[in-house]
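Q: what's the 3D shape of this:
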Amino acid sequence: MDLKKYVADIQNFPIEGVLFRDVTPLMANGEVFRATIDEMISYAKERGANVIVGPEARGFLFGTPVAYGLGCGFVPIRKPGKLPRETISYKYDLEYGSNELFMHKDAIKEGDKVVIIDDLLATGGTIEAAAKLIKELKGEVVGICFLIELEELNGMKLLEEYDVKVLIKYE
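A: Here you go, the predicted structure:
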């Protein structure tokens, strides 16, 4: 299945000069969305994951059905002020700004085998931050899965130490 056919290109969003890859048409098509999630589930199962982590917000949309399909837990990684209990955090740069991610301090247990799921790999900063949070809690990042990689932004460079699966690549 050619998943690229279900991704819309939006010029100048969220800021001037950015080409945004909109995955909502893919998600709106039940057959295509199911095939996408099934492929992510298969990858996470192969990697032996017992926890799925997804960064806010589209990581939630892809990560939670993967966790459901595996019958394992899902851990959200959130932006500032969104988690009610004790957290750990990591600051990082985006392709057009900076951010800080938070995770509950008790979300990952020592020895958990974690697959991180997100919609897009751009510069890699968000996922590098997520991996650092997981490692800080003594979890093991056994894999990372993206729907889309924007190869020209070279985000894979930050993730060289990990096993990474990408379903759609844009040069």
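
Q: For the chain, which strand extends over the most residues?
A: If you go by DSSP state E, the chain has its longest strand at strand 140-150.

Q: From the contact counts, what lies against that one?
A: helix 30-46, strand 113-121, helix 125-136, strand 164-170 (3 or more C-beta pairs under 8 Å, 6 or more residues apart in numbering; DSSP states H and E). C-betas here are computed from N, CA, C, even on glycine.

Q: Okay, the residue nearest to Glu86 when sequence neighbours are not counted and Leu61: tell me how far apart.
A: Nearest residue to Glu86, sequence neighbours excluded (C-beta to C-beta, 6 or more residues apart in numbering): Lys105, at 4.5 Å. Lys105 is 25 Å from Leu61, where distance means C-beta to C-beta, to the nearest Å.

Q: And these two? Which one has more around it.
A: Leu61 (18 against 14; other C-beta atoms under 10 Å).

Q: The more buried one - that's part of a strand, no?
A: No - with DSSP: H, G, I helix; E, B strand; the rest coil as the criterion, Leu61 is located in helix rather than a strand.

Q: ok, it - contacts?
A: 27, 54, 119 (C-beta atoms under 8 Å, 6 or more residues apart in numbering).

Q: related to what we said a few turns ago, highest average neighbour count across the helices and strands packed on strand 140-150?
A: strand 113-121 (a mean of 26; mean count of other C-beta atoms under 10 Å).

Q: Output it as CSV, nothing but the C-alphas.
A: Provided in CSV are the C-alpha atoms of strand 113-121 (Å, rounded to 0.1, in the frame of the first residue of the first chain):
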residue,chain,number,x,y,z
LYS,A,113,11.6,-2.6,26.8
VAL,A,114,10.3,0.5,25.1
VAL,A,115,9.3,1.3,21.6
ILE,A,116,8.8,5.0,20.9
ILE,A,117,6.1,5.7,18.3
ASP,A,118,5.6,9.1,16.5
ASP,A,119,4.2,10.4,13.3
LEU,A,120,7.2,12.3,12.1
LEU,A,121,11.0,12.4,12.2
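
Q: other SSEs contacting that strand?
A: helix 30-46, strand 51-55, helix 58-70, helix 125-136, strand 140-150.

Q: In a markdown table, list the ones you listed along with mean pLDDT and distance to Glu160.
A: Formatted as a markdown table, those follow (pLDDT from 0 to 100; distance: least, C-beta to C-beta, whole Å):
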| stretch | mean pLDDT | distance to Glu160 |
| --- | --- | --- |
| helix 30-46 | 98 | 18 |
| strand 51-55 | 98 | 19 |
| helix 58-70 | 97 | 21 |
| helix 125-136 | 95 | 11 |
| strand 140-150 | 98 | 11 |
